[in-house]
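Visitor: Take this sequence and fold it.
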Amino acid sequence: MKNLKYLLLRRVTQIGLMFLYFAANAYGWHILEGTFGSSKLFGLIPLADPYTTLQVLSAGFLLGADVLVGALLITLFYMIVGGRAFCSWVCPINMVTDLANWLRRKLKLDKEEVNYRFLKRRTRYWIMVLGLIVSAVVGIAAFEAISPITIMQRGIIFGFGAGVSIIVAIFLFDLFGVRNGWCGHLCPLGAAYSLIGQKSLIRVKHDHEACTNCMECKIVCPENQVLHMINKESISVTDGECTNCGRCIDVCNDDALGFSIRKLNKDS
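Guide: Residues are numbered from 1 along each chain as shown. Below you'll find the model as predicted:
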């Protein structure tokens with residue numbers, strides 16, 4: 001029987017955060033106000049997405065000290081603790097892509113050998129850079145203007161409009177197109193947080209002695225290239241592209257995977 005502990009924790013976190021943003025608008029709560037791009041915690045502590053902040057700066061705008069401090073706080077948090085956890089524990093689009101990829105597995109639509117022939121995971125890094133260049137050229141935060149993350153958040157708070165078509169397109173792309181297509185290959189925020197979280201402390205640790213090589217972890221992992229050590233050696237997942245989602249831990253019936261604190265003196 002598969003464990004759903006981390007899946008449930010992630011959903012509680014994602015839905016809870018969206019509710020707090022909704023409550024700020026609907027009920028005037030001051031716990032978490034704003035958007036993922038720029039927020040206030042308890043009306044005092046500024047929080048800002050680092051990639052959104054870079055886009056705004058690239059567009060030539062001057063930012064207040066509170067936004068810069070907010071971007072620094074978020075950067076330090078994911079750099080030290082969270083890695084790319086934003087993608088799996090915070091981002092609301094993750095719920096859409098998780099559903100698409102769950103259906104994809106159930107319908108047996110995976111053809112990974114085709115996926116990697118025409119779309120590489122490094123594409124998201126090029127899109128990340130392109131977003132900054134376009135922001136500088138057109139004078140607005142380019143990706144933020146069309147970000148499905150922002151569209152979904154505003155849709156949940158204020159109601160969906162035509163922007164819902166982008167959410168549907170991502171769902172269909174992940175379902176019938178490329179496995180983990182949006183988050184794993186195209187999203188520039190995923191690329192940014194991969195770079196930020198390369199040396200983060202909380203990591204998945206593999207126990208080679210307990211592993212029976214069932215490969216259930218690789219089937220569900222959205223970034224399964226990070227699990228290169230499975231049934232080979234007992235080391236931590238140190239790749240910054242790991243989302244720390246816990247999917248691999250949930251499905252491992254051998255207790256060969258679990259979260260641990262990364263050792264500072266070596267990558268194991």
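Visitor: For Glu241, grab phi and psi.
Guide: Dihedral pair for Glu241: phi -80, psi -10, per degrees, to the nearest 10.
Visitor: ok, how many other residues are close to the nearest residue to Ile146 once chain neighbours are set aside?
Guide: What sits nearest to Ile146 in space, not counting adjacent residues and going by Cβ to Cβ, 6 or more residues apart in numbering, is Ile166, at 7.2 Å. C-beta: built from backbone N, CA, C; applies to glycine. Neighbour count for Ile166, taken as other Cβ atoms under 10 Å: 16.
Visitor: ranges for the strands of this structure?
Guide: Ranges of strands within the chain are 32-34, 38-41, 45-48, 202-206, 257-261, based on DSSP state E.
Visitor: by contact count, what packs against the second one?
Guide: The elements that strand 38-41 packs onto, with contact taken as 3 or more Cβ pairs under 8 Å, 6 or more residues apart in numbering; DSSP states H and E, are strand 32-34, strand 45-48, helix 65-77.
Visitor: which regions of the protein sit below the pLDDT cut-off?
Guide: 1-2, 111-118, 264-268 (pLDDT under 70).
Visitor: Find the residue at the geometric middle of it.
Guide: Cys87 (1.1 Å; Cα atoms, centre = their mean).
Visitor: mind listing what that residue touches?
Guide: The contact partners of Cys87, taken as Cβ atoms under 8 Å, 6 or more residues apart in numbering, are 94, 183, 187, 189-190, 193, 243, 245.
Visitor: Wait, Ala85 touches Ile196, no?
Guide: No. Ala85 sits out of contact with Ile196 when judged by Cβ atoms under 8 Å, with a separation of 10.5 Å.
Visitor: residues bridging contact with these two, i.e. touching both?
Guide: The overlap between the contact sets of Ala85 and Ile196 (Cβ under 8 Å, 6+ apart) consists of Tyr78.
Visitor: Serialize the helices and strands packed on strand 38-41 to a markdown table and add fields for distance to Asn231 and mean neighbour count.
Guide: Output for the helices and strands packed on strand 38-41, formatted as a markdown table (distance: least, Cβ to Cβ, whole Å; neighbours: other Cβ atoms under 10 Å):
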| stretch | distance to Asn231 | mean neighbour count |
| --- | --- | --- |
| strand 32-34 | 42 | 19 |
| strand 45-48 | 40 | 20 |
| helix 65-77 | 33 | 17 |
